[in-house]
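Peer 1: please work out how this folds:
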Amino acid sequence: MSFQPVVPLGGYAGWRFLERTMERQQEAFNKSTVVQRDLDYFAEKIGKVTNAEELVGDYRLLKVALGAFGLQDDIGSKFFIRKVLSEGTSARDALANKLADKSYFKLAEAFGFGGVGAPRTQEPGFAEEIAEAYRERSFEIAVGEQNDDMRLALNVERELTDLASNSSGDDSKWFSIMGSSPLRQVFDTAFGLPTSFAAIDLDRQLEVYREKAEALFGSSDAAQFADPDKREQLIKMFLVRSEISAGSAGYSSGQIALTLLGG
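Peer 2: Purely as a prediction, here's the structure:
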């Protein structure tokens, strides 16, 4: 039995529906046979895995490991994933530290194959930690099959919460946002930036992001998105602008402004 999330509406109205029904829908999804079968296998086998080679060599384990970090599309790139995992994150020149997408860093850090001592696969509670992330990501993907904008909005709630509240500097936070494809799509759309914007000088991109954030949210600081109200405002801007861009809402310029400002 497989539960498919229900997203009957698009745009911000659809997001509000999803928010109201999220707990019940996610609970039903987590009980799906396919999800539970994957996680039962992972819990049974992962404690015996001691290196990257063994993890990459088991398709079912790798499916859960990558899925927990939103990297499920890389399941065929075994050499690349093995290198990310085996080098770990301790060495400055480790591959995970060089990649703009920090999902690879989180993957390598979580499994701990490149460090000193036993990997984290041997730790109590590790399987459930990865399982929880896998459930959350898998639900996002299932929602995305109904409406991809809703998947991106869910990603904002999860990823931006952690990023905005961590101890890194403001530059680092903004660069992490720009290095995350899902977050970048949300911010670029909310800020009204063209697709070509991503091709300009990175420092100039940072300046524009700060200018837009200041104008729209009252602060240029990326840490402001630790505030759930600011995240909700961002999601609303993204969904409204995305719906307008898709041509599904015949708003005038005045109606657009009222939609973005109002409830």
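
Peer 1: count of residues packed around the closest residue to Gly11 other than its chain neighbours?
Peer 2: Excluding its sequence neighbours, the residue lying closest to Gly11 (C-beta to C-beta, 6 or more residues apart in numbering) is Glu243, at 4.2 Å. Just so you know, the C-beta spots here come from the backbone N, C-alpha and C atoms, and that holds for glycine as well. If you count neighbours by other C-beta atoms under 10 Å, Glu243 ends up with 19.

Peer 1: for Glu243, pull up the helix or strand it's in.
Peer 2: helix 228-245 (DSSP states H and E).

Peer 1: can you check Val7 too?
Peer 2: Val7 is part of no helix or strand, with elements assigned from DSSP H and E.

Peer 1: do the same with Leu9
Peer 2: Per DSSP H and E, there is no helix or strand for Leu9.

Peer 1: CA atoms only for stretch 35-53 - export them in PDB, please.
Peer 2: Below are the C-alpha coordinates for stretch 35-53, written out as PDB (Å, rounded to 0.1, in the frame of the first residue of the first chain):
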ATOM      1  CA  VAL A  35       8.900   3.300   2.800                       C
ATOM      2  CA  GLN A  36       8.700   0.900   5.700                       C
ATOM      3  CA  ARG A  37      10.400  -1.900   3.800                       C
ATOM      4  CA  ASP A  38      13.300   0.300   2.800                       C
ATOM      5  CA  LEU A  39      13.800   1.500   6.400                       C
ATOM      6  CA  ASP A  40      13.500  -2.000   7.900                       C
ATOM      7  CA  TYR A  41      16.300  -3.200   5.500                       C
ATOM      8  CA  PHE A  42      18.400  -0.200   6.400                       C
ATOM      9  CA  ALA A  43      18.000  -0.700  10.100                       C
ATOM     10  CA  GLU A  44      18.900  -4.400   9.800                       C
ATOM     11  CA  LYS A  45      22.000  -4.000   7.600                       C
ATOM     12  CA  ILE A  46      23.600  -0.600   8.200                       C
ATOM     13  CA  GLY A  47      25.400  -1.500  11.500                       C
ATOM     14  CA  LYS A  48      27.500  -4.000   9.600                       C
ATOM     15  CA  VAL A  49      28.800  -1.400   7.100                       C
ATOM     16  CA  THR A  50      32.300  -0.100   8.000                       C
ATOM     17  CA  ASN A  51      33.400   1.700   4.900                       C
ATOM     18  CA  ALA A  52      32.200   3.600   1.800                       C
ATOM     19  CA  GLU A  53      32.800   0.700  -0.500                       C
END
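
Peer 1: what's in contact with it?
Peer 2: Stretch 35-53 has contacts (C-beta atoms under 8 Å, 6 or more residues apart in numbering) with 29-30, 54-55, 58, 60-61, 63-65, 81-82, 85-86, 111, 113, 118-119, 121-122, 126-128, 130-131, 134-135, 138.

Peer 1: and stretch 128-147, by the same measure?
Peer 2: Contacts of stretch 128-147 with the rest of the structure, by C-beta under 8 Å, 6+ apart, involve 4-7, 10, 14, 18, 25-26, 29-30, 35, 38-39, 42-43, 46, 64-65, 67-70, 72, 110, 150-152, 154-155, 158.

Peer 1: buried sites along it?
Peer 2: For stretch 128-147, the buried set under the neighbour-count rule, 16 or more other C-beta atoms under 10 Å, comprises 130-131, 133-140, 142-144, 146-147.

Peer 1: list the residues that contact the residue nearest to Gly11.
Peer 2: Neighbouring residues of Glu243 by C-beta under 8 Å, 6+ apart: 10-12, 149, 249.
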